[in-house]
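Undergrad: No sequence on hand, only this structure:
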């Protein structure tokens, strides 16, 4: 009975991966040809209630397809496919708001910072707590975790802290030349990290008990998964304008603080990947959880900030990257605690609870800064 149930479940998932992107593309076509630009910019409440679940389901479909590709090609390339897919979705959502007439000069900063807080504290904390409750202690490759942490420290400081202390322009912003330099350095650093992760030191990112050959199905990568992934990502990009406009309108009506929008955008794009990371931790695969969590942070900064910089320079819109004082304290605290968390290659529930406390403080300060 179990094989039959599994087959039915897999069949249902496959059908949904086809139906959901098609439904999303059909919805976009209906909005475009029937409603026009006005309904995209200011969607009514009923349309928002339709767009939210379809967009969320499309994000999940994209991640499921990316997971199938990851399973076929093994680690660490599999994790790279997941993180790049999620980053494409994130950039689409951020751009859709930044390109509006009014725009939101802090959205990119708020979203990138939210991703760092969610994955480095919330997701890491939940994974370590869930795994620790079940297995008491879990091991991971400390060398790989330290590489993640070193690059994350440099990227976050260059993009979210340095703008507060430059003097060529007033406020927590960078001049055009500074923004170009930081973007180039960010891309180079992330590219070098990818080289280390996928070519030179792949063993740093694979636990001793894991073997790539065991993870692969041995049947070869079929064209179905890449095609479904591309279709899902295209649907997300197309629907992002309507989604972000409706979400921004709802939050404005509710009087929610501006950083909460960045938090919700980050939470939407990270939720499917987060579920995968927690599930891996409960299966005693903490290394995979760390790869997903910290890899998302690096991909977000390494790819999102340069993309946002290009759009900002091209359109001439304002871009505020520097964090506020309380956010900088939380970032410093996160990086400092992470040094101890990932320093030994072994963790337990205490470290997980500690990261969750920092994450709870971050959420509290969004509403009570």
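TA: Yep, that arrived. Note that this is a predicted model, so its numbers are computed, not measured.
Undergrad: Every contact and neighbour count from this point should use C-alpha atoms.
TA: OK.
Undergrad: mind checking which helix or strand residue 167 is in?
TA: For residue 167, there is no enclosing helix or strand under DSSP states H and E.
Undergrad: show me where the stretch 51-200 of the chain has helices.
TA: Using DSSP state H, counting those that start in this stretch, the helices of the stretch 51-200 of the chain run over residues 77-98, 107-117, 124-135, 142-156, 176-195.
Undergrad: relative to helix 142-156, how tilted is the shortest one?
TA: Read it as helix 107-117. Here helix 107-117 runs at 160 degrees with respect to helix 142-156, directions being taken by axes from the mean of the first three to the mean of the last three Cα atoms, to 10 degrees.
Undergrad: now do the last one
TA: For helix 176-195 against helix 142-156, the angle by the same axes, to 10 degrees is 170 degrees.
Undergrad: Residue ranges in the protein under the pLDDT threshold?
TA: Judged by pLDDT under 70, the chain has its weakly predicted residues at 1-13, 35-43, 45, 74-79, 82-83, 96-103, 207-223.
Undergrad: For residue 346, give me phi and psi.
TA: Note on residue 346: backbone dihedrals following degrees, to the nearest 10 are phi -150, psi 140.
Undergrad: And the closest residue to it other than its chain neighbours, how close does it get to residue 356?
TA: Distances taken as Cα to Cα, 6 or more residues apart in numbering place residue 139 nearest to residue 346, at 4.4 Å, with adjacent residues excluded. Using Cα to Cα, to the nearest Å, residue 139 is found at 20 Å from residue 356.
Undergrad: Neighbour count: these two, which is higher?
TA: Just comparing residue 139 and residue 356: by other Cα atoms under 10 Å the higher neighbour count belongs to residue 356, 23 against 16.
Undergrad: Return the set of buried residues in the helix or strand that the more buried one is a member of.
TA: Assigned by DSSP H and E, residue 356 belongs to helix 349-367. The neighbour-count check on helix 349-367 (16 or more other Cα atoms under 10 Å) flags 349, 351, 352, 353, 354, 355, 356, 358, 359, 362, 363 as buried.
Undergrad: what separates the fifth one from residue 14, distance-wise?
TA: So the one you mean is residue 354. Counting by Cα to Cα, the gap from residue 354 to residue 14 is 39 Å.
Undergrad: just the first one next, same as before
TA: Plainly put, residue 349 is 36 Å away from residue 14 if you go by Cα to Cα.
Undergrad: residues near residue 170, how many?
TA: 12.
Undergrad: gap between it and residue 164?
TA: Distance, residue 170 to residue 164, by Cα to Cα: 9 Å.
Undergrad: With residue 348 instead?
TA: 36 Å.
Undergrad: Name the residues that touch the helix or strand encompassing residue 311?
TA: Under the criterion of DSSP H and E, residue 311 resides in helix 305-315. Residues outside helix 305-315 that contact it (Cα atoms under 8 Å, 6 or more residues apart in numbering): 91, 95, 108, 159, 176, 179-180, 183-184, 186-187, 318-319.
Undergrad: Just give the number of residues close to the nearest residue to residue 80 once chain neighbours are set aside.
TA: Nearest non-adjacent residue to residue 80, counting by Cα to Cα, 6+ apart: residue 295, 7.6 Å away. By other Cα under 10 Å, the residues close to residue 295 number 22.
Undergrad: go on, residue 254?
TA: 9.
Undergrad: now do residue 20
TA: 23.
Undergrad: Go ahead and confirm it touches residue 56.
TA: No: using Cα atoms under 8 Å, residue 20 makes no contact with residue 56, being 9.8 Å away.
Undergrad: Angles on the backbone of residue 347, please.
TA: Note on residue 347: backbone dihedrals following degrees, to the nearest 10 are phi -140, psi 170.
Undergrad: quick revisit: which ones are touching the residue nearest to residue 346?
TA: Residue 139 neighbours (Cα under 8 Å, 6+ apart): 286, 287, 345, 346, 347.
Undergrad: got it, and residue 326?
TA: Contacts of residue 326 by Cα under 8 Å, 6+ apart are residue 369.
Undergrad: how near is it to residue 304?
TA: From residue 326 over to residue 304 the distance is 23 Å, taken as Cα to Cα.
Undergrad: and if you look at residue 70?
TA: Distance, residue 70 to residue 304, by Cα to Cα: 22 Å.
Undergrad: ok, those two, which is more surrounded?
TA: For the pair residue 70 and residue 304, the greater number of neighbours falls to residue 304 (25 against 21), based on other Cα under 10 Å.
Undergrad: Grab the nearest non-local neighbour of that one.
TA: Closest to residue 304 by Cα to Cα, 6+ apart is residue 91, at 5.8 Å.
Undergrad: and if you look at residue 88?
TA: residue 233 (7.6 Å).
Undergrad: Name the residues of the host helix or strand of the one you found that are buried.
TA: In this assignment (DSSP H and E), residue 233 forms part of helix 224-254. Using 16+ other Cα under 10 Å as the test for burial, helix 224-254 gives 225-226, 228-249.
Undergrad: Same question for stretch 141-161.
TA: By 16+ other Cα under 10 Å, the buried positions in stretch 141-161 come out as 141-149, 151-153, 155-161.
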